[in-house]
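Next come a sequence and a model predicted from it.
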Amino acid sequence: MIYLLAGLMFLVAIVFSMLGQGGGVLYTPIQVWAGIGFHTAAATSLFLIMTMSLSATIVFRKAKRVDWPLAITLESVTALGGLVGGLASERFTGSFLMVLFAGVVAFAAVFMVRDFKMNHDCPARSSFFGWRRRLGEREYCVNLAIALPISFLAGALSGLVGVGGGILKVPMMVLLFGIPMEIAVGSSAFMVGLTAAGGFAGHVASGHWDWRMSLILAVAVFAGGQIGARFSVGIDKKKLKKGFGFFLFAVAALMCAKALL
């Protein structure tokens with residue numbers, strides 16, 4: 001069974017690293033469907049997300065797709081939210097968390113499938129309400145008054161259900177903050193690892209982690225992350241994003257069915 005899981009995780013890592021995702025939307029349900037308890041699956045998922053984040057970030061850093069100051073600033077509150085969510089997970093049943101998980105995935109899927117356009121005018125000078133950013137030839141601005149509290153909430157949800165938050169962060173950065181897709185993907189690949197670390201610490205403190213299985217699966221995930229991130233540098237993000245959104249709808253439906261059965 002462990003080798004079958006490793007093979008599936010390898011394939012998941014390839015696909016999800018292309019979009020700067022941690023892969024938790026599948027790491028967790030794959031384990032649950034294999035008979036592993038939700039809390040243990042969530043802890044293992046977060047560890048695998050940390051592993052793939054490291055792997056993909058190595059590639060995206062070389063391609064200059066990571067906005068380091070922005071990513072670290074947002075993660076200062078997102079990781080805290082992940083820790084709070086991981087600690088609070090003990091208070092909820094596995095069934096409730098699976099339904100919550102499905103809702104988060106479905107919400108993110110809507111933003112992946114639909115093309116939402118919002119106005120992102122930058123102020124004349126950089127400030128807390130309009131932080132001007134430039135990476136290569138791309139220029140954009142981020143309203144930290146909105147970005148920081150939303151990032152905390154995204155981290156708390158991620159820690160609760162055992163995901164790195166990439167399914168929320170990429171749509172959040174592109175739609176709410178006007179960050180170019182390729183930079184959002186690269187920055188998210190780095191950010192999901194830090195968010196997952198917060199949630200992972202909370203789950204370990206609660207005694208949910210199976211370290212032996214996690215280390216075996218991490219090898220497959222690291223290799224898959226390297227392959228997927230390299231594909232991502234030259235892939236058409238718009239088409240992949242839309243197809244990925246429909247796939248998330250299917251995952252949400254499966255998780256709801258599992259929780260209700």
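It's in.

now for the helix or strand encompassing Ile183, which elements pack on it?
Assigned by DSSP states H and E, Ile183 falls within helix 181-205. Helix 181-205 sits against helix 38-62, helix 68-88, helix 144-161, helix 166-171, helix 237-260, with contacts defined as 3 or more Cβ pairs under 8 Å, 6 or more residues apart in numbering; DSSP states H and E. In short, each C-beta sits where N, CA and C put it, glycine included.

ranking these by burial, who's on top?
helix 166-171 (a mean of 29; mean count of other Cβ atoms under 10 Å).

Please enumerate residues in contact with that one?
For helix 166-171, the surrounding residues in contact (Cβ atoms under 8 Å, 6 or more residues apart in numbering) are 16, 19-22, 24-25, 74, 78, 104-105, 107-108, 111-112, 151, 154, 157-158, 181, 184-185, 188-189, 191-192, 195, 248.

could you flag which of the residues you listed are buried?
Among the contacts of helix 166-171, the ones that count as buried by 16 or more other Cβ atoms under 10 Å are 16, 19-22, 24-25, 74, 78, 104-105, 108, 111-112, 151, 154, 157-158, 184-185, 188-189, 191-192, 195, 248.

show me where pLDDT drops low in the stretch 101-250 of the chain?
For the stretch 101-250 of the chain, the stretches with pLDDT under 70 are 116-121, 124, 162-165, 237.

Switch the helices and strands packed on helix 181-205 over to TSV; also include distance to Gly130.
Output for the helices and strands packed on helix 181-205, formatted as TSV (distance: least, Cβ to Cβ, whole Å):
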stretch	distance to Gly130
helix 38-62	26
helix 68-88	13
helix 144-161	9
helix 166-171	20
helix 237-260	25
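
Out of the ones you listed, the one nearest Asp210 is which?
Of all the helices and strands packed on helix 181-205, helix 38-62 sits nearest to Asp210, with 5.5 Å by Cβ to Cβ.

Now do that closest one: which elements does it pack against?
Using 3+ Cβ pairs under 8 Å, 6+ apart, helix 38-62 sits against helix 2-17, helix 24-33, helix 94-113, helix 181-205, helix 211-232.

just the ones you listed: most buried one?
Of all the helices and strands packed on helix 38-62, helix 181-205 has the most neighbours on average by mean count of other Cβ under 10 Å, namely a mean of 26.

give the contact list for Ile216.
Residues near Ile216 by Cβ under 8 Å, 6+ apart: 2, 6.

Please report the distance of it from Tyr3.
For Ile216, the distance to Tyr3 (Cβ to Cβ, to the nearest Å) stands at 9 Å.
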